[in-house]
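# Need a 3D model of the sequence below.
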Amino acid sequence: MSLLETLKDQNQLIIRQRRELGELLGFETRNKYEICDQHGGVVGFCAEQSQGFLGMIVRHFLGHWRSFDLHFFNNQRRHVLTARHPFRFFFQRLEVHADSGRFLGAIQQRFGIFKKKFDIETPQGKVLLTMESGFLQFWTFPIFKGSRQIAVVRKKWSGLFKEAFMDADNFQIEFTQMGLSDEERALILVSGLFVDLQYFERKANS
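Residues are numbered from 1 along each chain as shown. Reported below is the predicted structural model:
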């Protein structure tokens, strides 16, 4: 079963960043995640494409501004999605493609002062969904279709040691509306990863 087929049956997902022991030595290693159902069963994986020693240097100094690809796999390790991040200093963007190469849409950061804002766009560039943090609630990101909330992304406390020393975050995605399309669920999943890369990866905050 593909990851997208698995997502149809899920009301909640937990995204767990894999432990990065290199963080203790000051190295910014490539991001790797497990995607789990609400019972903790692994339904997929996500990993930043490895680019060797040079890639590690770029990650260390440019953080979330750099260009990179995130690859998504089902629990049989079959590739199902790619999210591409172009190099940008402002208004970051992730472009999401199916394994076939079909463009599914994009997550585009928007200007916000007291809220963190994103548009989730169709392949034609039209706004399909919106995501923004609550007022002064920077760990919670409701997702709306028009005025109706359909999902929410929440950062979960990872424990004192991991929060203090390691880029090892946990996120919960809750689908609050049924009947979402495969493309909408895929874009919401990628949005949860984007929140981590933008606001909680250590180099993004430094």
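
# Touching, Asn75 and Asp37? I think so.
No. Using CB atoms under 8 Å, Asn75 is not in contact with Asp37, being 10.2 Å away. C-beta: built from backbone N, CA, C; applies to glycine.

# hey, what's in contact with both of these two?
Val43 (CB atoms under 8 Å, 6 or more residues apart in numbering).

# At which residues are the helices of this structure located?
Listed in chain order, the helices of the chain (DSSP state H) span 3-7, 52-62, 160-165, 182-199, 202-205.

# Averaged pLDDT, the second one. What do you get?
Within the predicted structure, the mean pLDDT of helix 52-62 is 49.

# Return the distance of stretch 120-131 from the chain's centre.
Distance of stretch 120-131 from the chain centroid (CA atoms, centre = their mean, to the nearest Å) equals 16 Å.

# Can you give me the buried ones in it?
Judged by neighbour count (16 or more other CB atoms under 10 Å), stretch 120-131 contains these buried residues: 120-121, 128-131.

# swap in stretch 180-194?
For stretch 180-194, by 16+ other CB under 10 Å, it's 180, 183-194.

# ok, the buried residues of stretch 120-131 vs Arg93, which is closest?
Relative to Arg93, the closest of the buried residues of stretch 120-131 is Glu121; by CB to CB it sits at 9.3 Å.

# Distance-wise, check Gly125 relative to His79.
Here Gly125 is placed at a distance of 26 Å from His79 (CB to CB, to the nearest Å).

# again, but for Gln109
26 Å.

# where does this structure have low pLDDT?
1, 19-30, 50-66, 88, 135-136, 157-169, 200-206 (pLDDT under 70).

# what about the strands in it?
For the chain, the strands defined by DSSP state E cover 12-17, 32-37, 42-48, 68-74, 79-85, 93-98, 103-110, 117-121, 127-132, 140-145, 148-156, 170-175.

# Dump the buried residues of stretch 120-131 to JSON lines, plus distance to Ile150.
Conversion of the buried residues of stretch 120-131 to JSON lines gives the following (distance: CB to CB, whole Å):
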{"residue": "Ile120", "distance to Ile150": "11"}
{"residue": "Glu121", "distance to Ile150": "16"}
{"residue": "Leu128", "distance to Ile150": "11"}
{"residue": "Leu129", "distance to Ile150": "7"}
{"residue": "Thr130", "distance to Ile150": "10"}
{"residue": "Met131", "distance to Ile150": "10"}
